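K.L.:
starting from these lines, generate the structure:
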Amino acid sequence: RYLYIDEAIERFIKDYTLTKRPSTCYMHLSCNHGPTPICLDWREVCDGQMDCINSKIDEENCWQLEINACNDNE
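P.N.:
Sure, this is the predicted structure:
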């Protein structure tokens, strides 16, 4: 049992990050994602859900991704 809600949340986040498959991590985004420092997965950027507690940085400037196109050799 947990005495405090923050202990339960911290445990959930630790369990979640341990079971999450390896992925690309956006280290350059300054995002407060919870009690344990973890970086955002690429799937959490511009997904329509604000994942950062301190700001909406993960949902800003998404239009640039939508209009970005790669050349044939990229």
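K.L.:
check contacts around residue 39.
P.N.:
Counting by C-beta atoms under 8 Å, 6 or more residues apart in numbering, residue 39 makes contact with 25, 26, 27, 29, 31, 33. All C-beta atoms are positioned from the backbone trio N, CA, C, and that covers glycine.
K.L.:
if you set the cut-off to 6 Å instead, what comes out?
P.N.:
Each residue near residue 39 by C-beta atoms under 6 Å, 6 or more residues apart in numbering is listed here: 25, 26, 27.
K.L.:
measure it to residue 4 for me?
P.N.:
Distance, residue 39 to residue 4, by C-beta to C-beta, to the nearest Å: 25 Å.
K.L.:
try residue 43
P.N.:
30 Å.
K.L.:
point out where this protein drops to low pLDDT.
P.N.:
1-3, 15-24, 36-38, 68, 74 (pLDDT under 70).
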